[in-house]
Each structure stands twice: as structure tokens, then as C-alpha cells.
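Visitor: let's see this in three dimensions:
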Amino acid sequence: MDLLQPIRVFARHRALLDDGPHERRAILARWRASRVAATTR
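Guide: Down below sits the predicted model:
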């Protein structure tokens, strides 16, 4: 069990919150685009 794992997860969520909605939307759009690219290949 990695004791630092919860801290890393928390830090990642904090980073997402701090980035704000615009950054999150960009990340979501990029993720969705990569998913589509992977399925259409």
C-alpha cells in the first residue's frame, strides 16, 4: 500500500479545482478527442 497515494490523488484534485472550469473543460475535450481517435483507428 502506497501511503502517498491519497496525497497524490488529493493534490491532483486540488490542481483541477485551482485550474478552474476553462482548464478542466479543455482537459475533458482533449481526453474525449483522444478517446474518439482511439476508437476510430
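Visitor: any chance you could map the helices in the chain?
Guide: Ranges of helices in the chain, per DSSP state H, are 5-40.
Visitor: which residues of it score low on pLDDT?
Guide: Within the chain, the segments meeting pLDDT under 70 span 1, 15-21, 41.
Visitor: how near is the most centrally placed residue in it to residue 12?
Guide: For the chain, the residue nearest the mean C-alpha position is residue 27 (6.4 Å; Cα atoms, centre = their mean). Residue 27 sits 11 Å away from residue 12, going by Cβ to Cβ, to the nearest Å. For the C-beta atoms, the positions are set from N, CA and C on the backbone; glycine is no exception.
Visitor: and for residue 2?
Guide: From residue 2 to residue 12 the distance is 14 Å (Cβ to Cβ).
Visitor: more crowded one of these two?
Guide: Using other Cβ atoms under 10 Å as the criterion, residue 2 and residue 12 rank with residue 12 on top: 10 against 7.
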